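Novice: Curious how this folds, go ahead:
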Amino acid sequence: MKVPLSGSAYTARSVIASAQRSVNLYGEHNPEDAPYPATYYPTPGITTIATAPVTGWRCLYTATSGAVFGVVNTMVYQINSDFSLTYIGFIGSPAGPVSMVDNGISLLIVDGSSSGWVYDMFAKTFIVINSLNNFYGADRVDLVDGFFILNRTLSNQWYISNFLSATFDPLDFAAKTGFSDNVVAVAAAKRQVFVFGTFTTEVWYNSGAAAFPFARMPGAFIQFGCAAPSTVQQIDGSIYWLARSPSGGVLVMRTENYDRARLSTFAIEKEFQSYGYITDAQAYIYQQDGHAFYVISFPTANKTWVFDIATNEWHERVWHDTSGNENRQRQCCHAIMDGYKHIVGDWQTGQLYLMDNNTYTDDGAPVRRIRSFPHLLSDGDRVMYRTLIADMEVGRGVPSSTEAPEIRLRWSDTRGISWGNYVSQDLGPTGDFLTCVQFQRLGMARDRVFELSWSGNCKTALSGAFIDAQPASS
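Specialist: Purely as a prediction, here's the structure:
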């Protein structure tokens with residue numbers, strides 16, 4: 001029988017519903033006449049392009065001029081086209097999320113403290129601003145209609161800069177009054193301002209009023225707030241964020257006009273709820289090969305999950321350390337250089353990477369890719385599994401390598417609760433595109449879940465499997 005792979009892969013509340021995982025693989029829907037409904041491709045690898053003298057990248061940003069800026073530890077750099085780093089200043093805190101945006105003249109940087117920093121991109125000056133400049137800090141900064149917009153930390157207020165300026169008037173602020181929660185972030189989309197509170201969200205627009213140019217949008221109110229300010233990201237006019245309900249739920253949502261749509265599933269939300277501390281979650285969005293990915297990492301929980309906006313499916317991204325333990329991916333922030341180069345920063349080291357779909361390692365270290373299959377049952381009867389043939393793209397190994405890349409198979413006969421030992425096969429020599437990735441004598445089970453994993457430094461793709469199975473005596 002032919003067993004296709006399709007849809008999101010994650011473990012449900014009970015493994016009898018689903019015990020699937022898709023790790024370092026993302027799905028792409030195939031044309032109707034394709035042999036399988038979907039094919040799973042490797043997530044991009046990374047290669048070091050620069051190393052900062054300090055550790056812990058916190059933010060990357062592409063300015064309207066095309067220049068790329070970043071913050072690592074306390075240091076602020078401009079990243080040049082040859083990937084060299086030009087130091088431009090330092091900020092007060094050595095760790096935690098950083099947000100920055102520019103108005104074409106000034107680059108404004110905030111880090112959740114009561115201070116901010118302004119880099120004049122023409123005069124090449126870098127200054128600190130604080131309450132003496134009528135500036136009160138922020139967790140996140142954005143830009144709309146020439147105004148910087150910011151939340152005032154630990155309050156129900158948000159405020160704006162003067163027009164096309166990084167200066168501030170003490171009277172240019174507003175209060176979120178639809179519900180008595182603090183403002184944790186503000187974001188702009190389609191020239192509207194979304195004011196995210198802890199439990200609810202308001203929508204404001206530029207009314208052009210003289211006293212304060214923004215006013216609340218009548219009837220626009222979202223009954224969900226923001227659980228982590230650094231998860232608020234915008235693409236194609238929609239805002240994505242880790243939302244919190246007044247009733248206690250934690251979800252991933254997207255704005256749709258002046259309302260919201262739920263993107264997370266029951267299984268994903270159960271996973272998030274198990275983390276305990278989620279306020280430190282960070283996210284970035286990037287677009288590559290027709291897919292747009294919302295990448296959300298949880299530092300305390302040490303996990304990374306990714307929502308594929310093109311397919312509406314979730315998958316995991318994992319970095320395996322030298323002991324084989326799973327960790328959140330190394331990339332914590334992202335920017336575009338020269339319109340197409342994906343630059344990412346390492347949350348642990350000072351390394352800056354180029355992220356590329358034609359790279360299959362984590363800076364030379366193997367990337368383990370895992371895809372589980374759905375439950376295989378036959379009306380509760382036992383089934384004898386004679387052969388499993390993985391339908392994969394093969395023969396793409398590194399020409400200089402003397403060994404073919406390895407692929408491993410394991411399975412669970414306890415419905416996904418426990419797993420047996422791995423059996424190994426190889427993906428065939430370079431140039432042999434017809435290698436049959438075959439596993440034989442796989443035993444019997446009433447309910448079986450297969451899982452394939454591999455870490456070859458080569459192009460691969462997985463669509464499903466052909467399984468030779470026969471009923472056995474019950």
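
Novice: Quick one: low-confidence residue ranges for this protein.
Specialist: 398-402, 473-474 (pLDDT under 70).

Novice: how does it divide up, domain by domain?
Specialist: Following automatic domain parsing, one finds the domains of the chain at 2-42+369-471, 45-364.

Novice: Could you dump those into TSV and include mean neighbour count?
Specialist: C-betas here are computed from N, CA, C, even on glycine. Converted to TSV, the domains of the chain look like this (neighbours: other Cβ atoms under 10 Å):
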stretch	mean neighbour count
domain 2-42+369-471	17
domain 45-364	18
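
Novice: got the contact list for Pro94?
Specialist: By Cβ atoms under 8 Å, 6 or more residues apart in numbering, the contact list for Pro94 reads Gly56, Asn73, Thr74.

Novice: can we see that at 6 Å?
Specialist: Asn73, Thr74 (Cβ atoms under 6 Å, 6 or more residues apart in numbering).

Novice: In three-state terms, label it for me.
Specialist: Assigned by DSSP: H, G, I helix; E, B strand; the rest coil, the conformation of Pro94 is coil.

Novice: Thought Ser230 was touching Gln282, still the case?
Specialist: Yes: using Cβ atoms under 6 Å, Gln282 is in contact with Ser230, at 4.4 Å.

Novice: Between these two, which contacts overlap?
Specialist: Contact with both Gln282 and Ser230 is made by residues Pro97, according to Cβ under 6 Å, 6+ apart.

Novice: so how far is the first residue of stretch 142-151 from its last?
Specialist: Start and end residues of stretch 142-151 are separated by 10 Å (Cα to Cα, to the nearest Å).

Novice: can you give me the strands for the stretch 51-200 of the chain?
Specialist: 57-62, 68-72, 75-79, 85-90, 99-102, 106-110, 116-120, 125-129, 141-144, 147-151, 157-160, 173-175, 183-189, 192-197 (DSSP state E, counting those that start in this stretch).

Novice: which strands and helices sit next to the last one?
Specialist: Packed against strand 192-197, as judged by 3 or more Cβ pairs under 6 Å, 6 or more residues apart in numbering; DSSP states H and E, are the following elements: strand 183-189, strand 201-206.

Novice: and the angle from the last one to strand 147-151?
Specialist: Strand 201-206 runs at 160 degrees relative to strand 147-151, counting by axes from the mean of the first three to the mean of the last three Cα atoms, to 10 degrees.

Novice: could you check the angle strand 192-197 makes with strand 201-206?
Specialist: Using the same axes, to 10 degrees: strand 201-206 against strand 192-197 is 150 degrees.

Novice: what separates strand 201-206 from the chain centre, distance-wise?
Specialist: Strand 201-206 sits 26 Å away from the centroid of its parent chain (Cα atoms, centre = their mean, to the nearest Å).

Novice: orientation of the following helix or strand past it relative to strand 192-197 in degrees?
Specialist: Per DSSP states H and E, the first helix or strand lying C-terminal to strand 201-206 is strand 214-222. Going by the same axes, to 10 degrees, strand 214-222 is angled at 60 degrees with respect to strand 192-197.

Novice: partners of strand 214-222 in the sheet?
Specialist: strand 201-206 (antiparallel) (DSSP bridges).

Novice: Between strand 183-189 and the strand it pairs with, find me the angle.
Specialist: 50 degrees.

Novice: How about the closest residue to Lys303 other than its chain neighbours: which residues does it bridge to?
Specialist: Leaving out its chain neighbours, the residue that sits closest to Lys303 by Cβ to Cβ, 6 or more residues apart in numbering is Arg328, at 5.5 Å. Beta bridges link Arg328 to Val318, judged by DSSP bridges.

Novice: From Asp142, how far off is Gly89?
Specialist: In this view, Gly89 and Asp142 are 21 Å apart by Cβ to Cβ, to the nearest Å.

Novice: Repeat that for Phe373.
Specialist: Counting by Cβ to Cβ, the gap from Phe373 to Asp142 is 43 Å.

Novice: that older thread, could you check the helices and strands packed on strand 192-197 and tell me which one is nearest Phe433?
Specialist: The minimum distance between Phe433 and the helices and strands packed on strand 192-197 falls on strand 183-189, with 45.5 Å, by Cβ to Cβ.

Novice: send the alpha carbons of the closest one over as CSV?
Specialist: Taking Å, rounded to 0.1, in the frame of the first residue of the first chain, the C-alpha atoms of strand 183-189 are listed here in CSV:
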residue,chain,number,x,y,z
VAL,A,183,0.0,48.0,26.8
VAL,A,184,2.7,45.5,26.1
ALA,A,185,3.4,46.3,22.4
VAL,A,186,2.2,48.4,19.5
ALA,A,187,2.4,47.4,15.8
ALA,A,188,1.5,48.9,12.5
ALA,A,189,-0.3,47.2,9.6
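
Novice: quick one: strands adjacent to that strand?
Specialist: Neighbouring strands of strand 183-189 in its sheet, by DSSP bridges, are strand 192-197 (antiparallel).
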